[in-house]
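Colleague: Give the three-dimensional model of this entry:
(one chain, ligands or ions: 1)
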Amino acid sequence: MTNNEKYLVTTATGNTGFQVAQQLLKNGKRVKVMSRSRGPIIKTLHDMGAEITLGQLDNEIDMKKAVSGVQRVYYCHPIIPGLLNNTTMFSEVAKQAKVEAVVNLGQYLAELQFHPSRSTNEHKNSYHVLNNANIGACHVTPGWFADNVFATSLFITQLGRFPFPLGEGKCPVVSNEDIAAVSVAILQDPEGHGGKCYQPTGPKAISMEDMLIIFSRVLGRKVKPMPMPTGMFFKATTQMGMHPYMISQLKYYLKDFQNNVFNYEPTDVVERFTNRPAENFEVISRRYFQHAGLMNKNFSGLRQALKQFIQIGLSRAPTSHEMELWNY
Ligand SMILES: NC(=O)c1ccc[n+]([C@@H]2O[C@H](COP(=O)([O-])OP(=O)(O)OC[C@H]3O[C@@H](n4cnc5c(N)ncnc54)[C@H](OP(=O)(O)O)[C@@H]3O)[C@@H](O)[C@H]2O)c1
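Modeller: Residues are numbered from 1 along each chain as shown. Okay, the predicted model is just below:
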């Protein structure tokens, strides 16, 4: 393995990529971050010492430029069309550039025998492609990010209502920070991890009921469930700017949560790689609300939440037929 190695982080402005890049930079590593444009997150990473490479995951010239001079890669592909094609191209480009270690962000669902989601199946096939490329790839395979539910932070904190229709399901939800910490530990010491899958989890499987209790404790005021029919939930995701392809995949993942598919045993992966326990949902919630300045109710927050509520009603969600076409 090379000394003074350089790391590439793709999707560096995303949930996990930003954390991975930050943690590597804080550890004094040489880091190149990839994004389609120079926004505020890229500026933050640049100010921390990151080299910037602009480009798209589906563009071979951009990917060649991104992996040039790099030995280790955090490869994260967002839920957008083209995951398998783009990962196949990345594998080839990384092999030519003699990349020596890759942490690929995968999915727990891709380890199941069968799953109807196109994205999950593309993840599953991409593991084989990466494993066969001889670039020291391993796969970090979380189930359900805690992050998902904080898209509704305004409703939770300002209206005291939690509108995520998680049903009766449970999951040991995991923080972006812990997914990143596991990935960073592997990237910094990649010997022996090639071809393996590691599933980071939170410390305990929790339900929507548990989340409501924790939100109420963190905020010091009661948070109640908000009945949210699935159709309305998809309108909300549209209003938040989610791409219809992503919504078509979320349809499966939400049903999986409701059907308890994510209720697996917590693993010791976070503790094993970081020598500390995985973050619990209370710690994660407090960080989100504090960071967003939403610990207290205020007039502007309340107005924003009500405005968003009205906009959701006026949004148009993709139809079932449109979702099927995206998943095809
Ligand atoms: N959410 C979950 O519960 C969950 C669970 C298990 C696995 N996963 C896996 O996690 C991966 C996603 O990781 P993540 O949440 O860290 O990433 P993410 O936050 O979804 O990534 C978003 C970033 O993707 C970049 N991007 C590149 N091309 C894009 C395009 N054409 N359209 C939109 N965005 C584009 C954007 O960065 P720029 O604008 O800077 O280019 C954007 O900031 C997926 O592979 C998913 O299967 C998610």
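
Colleague: near the ligand, which residues of the stretch 1-150 of the chain show up?
Modeller: By Cβ under 6 Å from any ligand atom, the residues of the stretch 1-150 of the chain that approach the ligand are 11, 13-17, 35-37, 57, 76-80, 105, 107, 119, 142, 144-145, 148. C-beta here means a position set from N, CA and C on the backbone, and glycine is covered the same way.

Colleague: need the helix or strand of the chain with the lowest average pLDDT.
Modeller: Lowest by mean pLDDT, DSSP states H and E among the helices and strands of the chain is helix 320-327, with a mean of 90.

Colleague: So what touches that helix?
Modeller: 81, 116-118, 244-245, 247-249, 251-252, 318 (Cβ atoms under 8 Å, 6 or more residues apart in numbering).

Colleague: Kindly recompute the last result at 10 Å.
Modeller: For helix 320-327, contacts defined as Cβ atoms under 10 Å, 6 or more residues apart in numbering pick out 81, 116-119, 121, 231, 234, 243-252, 317-319.

Colleague: what does stretch 45-56 give?
Modeller: Contacts for stretch 45-56 (Cβ under 10 Å, 6+ apart): 6-10, 12-13, 17-18, 21-22, 24-26, 28-38, 42-44, 61-70, 82, 86.

Colleague: run the last query once more with 7 Å
Modeller: For stretch 45-56, the external contacting residues (Cβ atoms under 7 Å, 6 or more residues apart in numbering) are 12, 21-22, 25, 31-38, 42, 62-63, 65-66.

Colleague: What about those, which are in helices?
Modeller: In helices, defined here by DSSP state H, the members of the contacts of stretch 45-56 are 21-22, 25, 42, 62-63, 65-66.

Colleague: Report how many residues lie close to the closest residue to the ligand within the chain.
Modeller: Closest contact between the chain and the ligand, by Cβ to the nearest ligand atom, is at Gly14 (2.6 Å). Close neighbours of Gly14, defined as other Cβ atoms under 10 Å, add up to 19.

Colleague: what's it in contact with, if anything?
Modeller: Gly14 neighbours (Cβ under 7 Å, 6+ apart): 76, 78.

Colleague: For PyMOL, what selects the buried ones among the contacts of stretch 45-56?
Modeller: Listed next is the PyMOL selection for buried residues among the contacts of stretch 45-56, using 16 or more other Cβ atoms under 10 Å:
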select buried, resi 12+21+22+25+31+32+33+34+35+42+62+63+65+66
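
Colleague: Could you list the domains of the protein?
Modeller: Annotated domains of the chain cover 6-141, 146-172+202-264+280-327 [automatic domain parsing].

Colleague: circling back to that earlier point, type out the PyMOL command that picks the buried ones from the contacts of helix 320-327.
Modeller: To isolate the buried members of the contacts of helix 320-327 in PyMOL, using 16+ other Cβ under 10 Å:
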select buried, resi 117+118+119+121+234+243+244+245+246+247+248+249+250+251+252+317+318
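
Colleague: Among the contacts of helix 320-327, which are located in helices?
Modeller: 118-119, 121, 231, 234, 244-252.

Colleague: Least confident of these?
Modeller: Lowest pLDDT among the ones in helices among the contacts of helix 320-327: Gly231, with 90.

Colleague: what about the strands in the stretch 1-150 of the chain?
Modeller: 6-9, 30-35, 51-54, 72-75, 101-105, 137-140 (DSSP state E, counting those that start in this stretch).

Colleague: Take those and write them to TSV, including mean pLDDT.
Modeller: Listed next are the strands of the stretch 1-150 of the chain as TSV, based on pLDDT from 0 to 100:
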stretch	mean pLDDT
strand 6-9	98
strand 30-35	98
strand 51-54	98
strand 72-75	98
strand 101-105	98
strand 137-140	98
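
Colleague: Comparing those, which stretch has the densest surroundings?
Modeller: Sort the strands of the stretch 1-150 of the chain by mean neighbour count, taking mean count of other Cβ atoms under 10 Å, and strand 72-75 sits at the top with a mean of 28.
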